[in-house]
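> just to be clear, the model below is a prediction. Sequence and coordinates:
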Protein chains: 2
Amino acid sequence: MKTDLQIAQENTMDNIEKIARKAKIDPDYLEVYGKNKAKIDLKIMDKIADNRNGKLILVTAINPTKAGEGKSTTTIGLVDGLAQINKMVIGCLREPSLGPVFGLKGGATGGGYAQVVPMEEINLHFTGDMHAITAANNLISAVMDNHIYQGNELNIDPTKVVWKRCLDMNDRTLRSITIAQDKKTNGVERKDGFIITVATEIMAIMCLSKDLQDFEKRVSRAVVAYTYDDQPVTVGDLKVEGAVTLVMKEALKPNLVQTLEKTPVFIHGGPFANIAHGCNSLIATRMALKLSDYVVTEAGFGADLGAEKFFDIKCRYGDLKPNVVVIVATARALKLHGGVPADQLKEENVPAILEGIKNLEKHIESIKQYRVPYIVAINKFSADTQAEVNAILNWCKDNGHRVVLSDAWASGGAGAVDLAQEVVRMCEEDSKFEPLYDLDLSLEEKIGTIVRKIYGGRSVIFSDRAKAQLEEYKQAGWDKLPVCMAKTPNSLTDDAKIVGRPTDFDIHVQELRISAGAGFVVVLTGNIMTMPGLPKDPAALHMGMNEKGISYGIF
Amino acid sequence: MKTDLQIAQENTMDNIEKIARKAKIDPDYLEVYGKNKAKIDLKIMDKIADNRNGKLILVTAINPTKAGEGKSTTTIGLVDGLAQINKMVIGCLREPSLGPVFGLKGGATGGGYAQVVPMEEINLHFTGDMHAITAANNLISAVMDNHIYQGNELNIDPTKVVWKRCLDMNDRTLRSITIAQDKKTNGVERKDGFIITVATEIMAIMCLSKDLQDFEKRVSRAVVAYTYDDQPVTVGDLKVEGAVTLVMKEALKPNLVQTLEKTPVFIHGGPFANIAHGCNSLIATRMALKLSDYVVTEAGFGADLGAEKFFDIKCRYGDLKPNVVVIVATARALKLHGGVPADQLKEENVPAILEGIKNLEKHIESIKQYRVPYIVAINKFSADTQAEVNAILNWCKDNGHRVVLSDAWASGGAGAVDLAQEVVRMCEEDSKFEPLYDLDLSLEEKIGTIVRKIYGGRSVIFSDRAKAQLEEYKQAGWDKLPVCMAKTPNSLTDDAKIVGRPTDFDIHVQELRISAGAGFVVVLTGNIMTMPGLPKDPAALHMGMNEKGISYGIF
């Protein structure tokens, strides 16, 4: 069987200028990066401002297994499926982080015959956006620690610094460190830590900003530390928001690439779906909506995390109105939710599927509350048996849910034509989208609403630390922001091991974190990993280029 | 008076395709990055392999003041001057580091009317080479610490790790840190430190490699740590050289840009001139020589550091034969060497110049030992008086040295036409270039030769640590490598405060460091800064973009 990389390498790409023409992008706004990548000048928005918005389709999923359920693959398949039925479509995906590429997870550009290309470049440096975020984030840290060292006029308490340095690397040894040791001229010693670039607030801000000016305003508001008397200190207080915006000016331009079937795709921004909101950039989504009749996008993890934040954070800030939601389910994950151990998921087990399907049922109920038409897409794996697939199809039909089989991994767009046709029909229906909660509610009420209505839980238990923060955040005026839930993606609860559709459980809020620049309050329900580690045998040890310059080992 | 940035912004650039045509680069090998930057595919070397090499001109200088003496400005002026007299010419410059841009020093793209553009982009992320180096370097660190954490089969002693992490940032607090604290799952705790990206061995290797294969071989050899029984552990032992090469594959392609006068320039690679050899990449220089009749390049700091390493390291490894050396001198620096305090350099002082000119005299004598024709270029500053300039001109003429006045800062290429004409004539003379020392000499003998013949010193005093290392390095077979001297650039001695042309001084070698991948032994003569800090009022606090999107504050 061919690897994703081999399939991608055998593909012949169209020149990016041709892809841009397909996306109706005027060449004046195209900034080509090599032959197969381009950035789009934000000035194009003035020219296309009066265009009618296209239809917006969100791809989400049930709670995934550790290996993921092929949301990107289904998204790319749907993009190509829409193109195959002659619809004008642009996909909007997230940028992969370099760290996981060297670890276990591999790339994030779809799979099989539903991929975006150039696969290697997208997974490595792409157009440099991640690196710009790293530089911008660490510039703030350097300026802050320099401020403390050079007299500390802002009265920053070095033990209350919340802004972390970052690298786009899986490096566990940088999670908890002590800096500025040994010499006074090395600065003021304090505890610190690095997070991975995709977990930074700069990434979240990039993805929620409308333009460069909005980005600068938001960055100014980001909290970096507290003073000795517990007042927040912001990037604006450090006066570095101008330099940070300058560093980010190219990164804020959406990146244009293509699918294996030469359909245009924007890949832009990729915030972690735990500590942040897990969606591609608002700038890219809005641009795509103005350029195209159909825009297909995705949100990280299952509907409880990704879709909830897509609706309640991204759509709210971006004034977006989603038209259709596609809920991806797989036989494999449904078996897991039906109680099958992880090492037995390849064996046929229809009863387990019918038990595990309650997880899907809950996500359907959740999506219904946003009043957007939805459809279930079964992402077919080669190991799935016909009986298993039929079980899912029949359950959906019996319960009045639209459902189609997607075979995008094996067949590309042709495998998603049925899905595409359904989606087109559904786009003509009336989406009555509205967010789940009002911003005027208190933070407790917002969190409680999500826990009850989306997770299906009973109540929220706040730690003493979180209780104190609720009060502090209210004093600071942060209580009117949306909340960004940080929770395990593998369960509807805050315990990764509890599968299926649990009820009568509580969610434990350990701590809040303010992302005043991005514009949300992060609600931590357990330990959230913001700097992954490498496995015993990292993918990096099996990568390289052969004597012909052909790369191998990226998957 | 206009700032460099204003002059650059008022300039209208030619499309990079047009610049490539001027440089006779076949469009098939051109990878455009936006409208004004491009990378050149290394495969072009096969096509142009049989071309005759052009003439190679090195621009070096006397010992500089802290502000620099305009070596880049003179280099760019000479490139444009050669173009003005209808010579086919390509400049080869170093890539600026992002860190100093935010600090005090500002950009590194020339000055006045002798600049390379797009100035802001070259000074910010450019085509991402620095970021690729950062990622490659830190991937090695992450894999090494992961190796130690996951069982440490290679028996690495965590207290003997020599490979440091890096950021392209001025951040003093990262010089000395402790990593992997608080939890066992955070790795094995040890002391560590970050260096600035341009000080990494990856940068040095990139600049001394002939191609990707050579790069991979060299990276494999780089020493990252020692075992408990003091055996070197290399990147190859960690098995990560393939991934590192993959990360660097775009970075190894030279970057093409243009001067304000639209002459082609390669800007590629920029190793620190203290811890490394301070020259642009060999790949770019060799490509330029095959493409053009004249290639003008520069080496960091004064001739004692930059030119010596250019000749003895870069030319040796690259089999280059330099045809002409331009030695830049300024009235300002000569006054400094004549004993004038730094705050009185703007006042006319001909006697001080005639005293300080002994510094120039020593550098001329040094260059003569390499048997390459040389010329002194007086880089004119607006504050220079006619009497001062005449004093330098007359001294040179009276002592039989060729000399011209260069006014490139104020007049661009037109200000360097005299220099260009002299250089063209000198290129027809016979360069009998040979390196200063044989590789077969011992490390002590090589260091002693440089100290006596280039610095004009008496002898070398090795610390006990250095003495022990001399023996270790001999055992390891590293004693046949060239040496890379790390010394203050401000003096011919190892004491920055001693100006002019001191004699009867000793050089104190504190420590050796092996760069087995780059292929040299670093000889440390004092504290060498490998991670700068920000000043009290960093340039970053005065940068940004106005409402029209025009950037300001980069200088």
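Thanks, I have the structure now.

> tell me which strands and helices the lengthiest helix in chain A is in contact with?
The single longest helix within chain A, with elements called by DSSP state H, is helix A:129-149. Other elements packing on helix A:129-149 under the criterion 3 or more Cβ pairs under 8 Å, 6 or more residues apart in numbering or on different chains; DSSP states H and E are strand A:156-161, strand A:165-167, helix A:201-208, strand A:223-227, helix A:235-238, helix A:241-248, helix B:98-102, helix B:129-149. For every residue, glycine as well, the C-beta is placed using N, CA and C.

> can you do 7 Å?
strand A:156-161, strand A:165-167, helix A:201-208, strand A:223-227, helix A:235-238, helix A:241-248 (3 or more Cβ pairs under 7 Å, 6 or more residues apart in numbering or on different chains; DSSP states H and E).

> leaving out the residues flanking it, which one is nearest to A:Gly269?
Once flanking residues are discounted, A:Gly269 sits nearest to A:Ser281: 3.5 Å by Cβ to Cβ, 6 or more residues apart in numbering or on different chains.

> contacts only, for the residue of the stretch 101-250 of chain A found nearest chain B.
In the stretch 101-250 of chain A, the residue that lies nearest chain B is A:Gly242 (2.4 Å; Cβ to the nearest Cβ). Each residue near A:Gly242 by Cβ atoms under 7 Å, 6 or more residues apart in numbering or on different chains is listed here: B:Met543, B:Gly544.

> now with 10 Å, please.
Applying Cβ atoms under 10 Å, 6 or more residues apart in numbering or on different chains to A:Gly242 gives the contacts A:216, A:219-220, B:540-546, B:551-553.

> from these, which land in strands?
Residues of these located in strands (DSSP state E): B:Gly544, B:Met545, B:Ser551, B:Tyr552.

> for the stretch 401-550 of chain A, which spans come out with low pLDDT?
Counting by pLDDT under 70, the stretch 401-550 of chain A has no low-confidence residues at all.

> can you check chain A too?
Ranges of chain A meeting pLDDT under 70: A:105-107, A:555.

> how is it carved up into domains?
Chain A resolves into domains spanning A:4-127+A:251-428, A:129-247, A:443-524 when parsed by the TED database.

> and A:Val522, what does it touch?
A:Val522 neighbours (Cβ under 10 Å, 6+ apart): A:201, A:204, A:274-277, A:483-486, A:511-515, A:528.

> what sits opposite it in the beta ladder?
Taking DSSP bridges, one obtains A:Cys484, A:Arg513 as the residues bridged to A:Val522.

> what does the stretch 451-555 of chain A put close to chain B?
By Cβ under 10 Å from any Cβ of the partner chain, the part of the stretch 451-555 of chain A that sits against chain B consists of A:531, A:533-547, A:549, A:551-554.

> just the buried ones from those residues?
Those of these that meet the buried threshold are A:531, A:533-534, A:538-541, A:543-545, A:551-554, by 16 or more other Cβ atoms under 10 Å in any protein chain shown.

> what about the closest residue in space to A:Val247 that isn't next to it in sequence, neighbour count?
Leaving aside its sequence neighbours, A:Val247 sits nearest to A:Ala136 (Cβ to Cβ, 6+ apart; 4.5 Å). A:Ala136 has 26 neighbouring residues, counting by other Cβ atoms under 10 Å in any protein chain shown.

> my read: A:Gly103 touches A:Ala539, true?
Yes. Taking contacts as Cβ atoms under 10 Å, A:Gly103 lies within contact range of A:Ala539: 6.1 Å.

> for the residue nearest to A:Val247, give me its contacts.
A:Ala136 neighbours (Cβ under 10 Å, 6+ apart): A:166, A:197, A:200, A:202-203, A:205-206, A:219, A:235, A:240, A:243-248, A:251.

> A:Asn11 now?
A:Asn11 neighbours (Cβ under 10 Å, 6+ apart): A:Tyr113, A:Gln115, A:Val117, A:Pro118, A:Met119, A:Gln258, A:Thr259, A:Leu260, A:Glu261, A:Lys262.

> grab the nearest non-local neighbour of whichever residue of the stretch 451-555 of chain A sits closest to chain B.
Of all residues in the stretch 451-555 of chain A, A:Gly544 sits closest to chain B, at 2.4 Å by Cβ to the nearest Cβ. Nearest residue to A:Gly544, sequence neighbours excluded (Cβ to Cβ, 6+ apart): B:Gly242, at 2.4 Å.

> rewinding a little: please identify which of the contacts of A:Gly242 is nearest to A:Val376.
Distance ranking of the contacts of A:Gly242 against A:Val376, using Cβ to Cβ, places A:Val219 first at 39.7 Å.
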